[in-house]
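Asks: Next comes the sequence, and after it the predicted model I'd like to discuss.
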Amino acid sequence: MSKQALIVWGGWDGHQPEEVAGILGGVLREEGFQVEISDTLDSFKDAEKLKSMDLLVPVWTMGTITKEQLSPLLAAVKEGGSGIAGCHGGMGDSFRNEVEYQYMVGGQWVAHPGNDGVTYTVRIKDSEHPLTKGIEDFVVVSEKYYMHIDPVIEVLAVTDFDHVEMPVAWTKKYGEGKVYYNSLGHQADIVRMPQTLEMMRRGMLWAAR
């Protein structure tokens, strides 16, 4: 039986959420997932459906979420064991007032000094890790995320802010569910970069139940 994934896109248009959702959905379909793509947070209201999902992929920058939408999402991951994975602001800068959501993700966007167009290097922390093996350090020209982070995360890739090593990609557990996050992906062209796309592919597969 195919694994099930739900991708929910929306929020700030500058991150091209519909395009990003389509790219990630295509990756999952290539891996044999049955993928539902939605543009409403009401898709999170059905608690039993969410718990049956193997993977949830929010692509929703900023915005607000009601308790009736958020509680089933948190429960599906924490208690139901659904995996959750996402990138950039679509998962790491969603619902700024929702601290428990941020705790689940393992981080929250704070700033991107220089805005879009900053040239920086993404360094792989462990070249033998299954989620990064064979991926070399690479340069990206995009927004460079400075984030609050949960110290429990397992860091897979980093970048540098002066003398501060800032996580770019990580995993963690949230109750029964697995969480994968990657701060790359400002717009669709960055998501399509071979390194980003491969990291997201592996991360989504890892997070899925």
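Replies: Looks like it came in fine. Residues are numbered from 1 along each chain as shown.

Asks: How about stretch 91-99, which residues are buried there?
Replies: 91, 92, 93, 94, 95, 98 (16 or more other CB atoms under 10 Å). Just so you know, the C-beta spots here come from the backbone N, C-alpha and C atoms, and that holds for glycine as well.

Asks: List the buried residues of stretch 161-175.
Replies: 166, 167, 168, 169, 170, 171, 172, 174.

Asks: Contacts for it next, please.
Replies: The contact list for stretch 161-175 (CB atoms under 8 Å, 6 or more residues apart in numbering) reads 77-79, 81, 84, 103-104, 106-107, 113, 122, 131-132, 144-147, 149-150, 152-160, 178-184, 199, 203, 206-207.

Asks: Any of those residues buried? List them.
Replies: Listed as buried from those are 77-78, 84, 104, 106-107, 122, 131-132, 144-147, 149-150, 153, 155-159, 178-184, 199, 203, 206-207; burial here means 16+ other CB under 10 Å.

Asks: Which strand or helix spans the closest residue to residue 179 other than its chain neighbours?
Replies: Closest residue in space to residue 179, ignoring its immediate chain neighbours: residue 172 at 4.8 Å, by CB to CB, 6 or more residues apart in numbering. Residue 172 is part of strand 164-174, with elements assigned from DSSP states H and E.

Asks: Check which element follows that strand along the chain.
Replies: Assigned by DSSP H and E, the successor of strand 164-174 is strand 177-182.

Asks: Which parts of the protein are helices?
Replies: Counting by DSSP state H, the chain has helices at residues 17-30, 47-52, 67-78, 88-92, 99-105, 188-191, 194-207.

Asks: which of the residues in the first one are buried?
Replies: Buried positions in helix 17-30, judged by neighbour count with 16+ other CB under 10 Å: 17, 19, 20, 21, 22, 23, 24, 25, 27, 28.

Asks: as a whole number, average confidence for it?
Replies: Helix 17-30 shows an average pLDDT of 98 in the prediction.

Asks: Next, the residues that contact it from outside, please.
Replies: Against helix 17-30 from outside (CB under 8 Å, 6+ apart): 5, 7-11, 35, 37, 39, 55, 57, 59-61, 87, 90, 185, 187-188, 191-192, 197, 200-201, 204.

Asks: Are any of those buried, and if so which?
Replies: If we count by 16+ other CB under 10 Å, these have these buried: 5, 7-11, 35, 37, 55, 57, 59-61, 87, 90, 185, 187-188, 191, 197, 200-201, 204.

Asks: Quick check: the gap between the closest residue to residue 63 other than its chain neighbours and residue 60.
Replies: Nearest residue to residue 63, sequence neighbours excluded (CB to CB, 6+ apart): residue 11, at 4.2 Å. For residue 11, the distance to residue 60 (CB to CB, to the nearest Å) stands at 4 Å.

Asks: Could you name every residue contacting both of these two?
Replies: Common contacts of residue 11 and residue 60 (CB under 8 Å, 6+ apart): 17, 90, 94.

Asks: which one is the first one nearest to, not counting chain neighbours?
Replies: The one in question is residue 17. residue 9 (4.0 Å).

Asks: likewise residue 95?
Replies: Distance criterion CB to CB, 6+ apart; nearest residue to residue 95, sequence neighbours excluded, is residue 65 at 4.7 Å.
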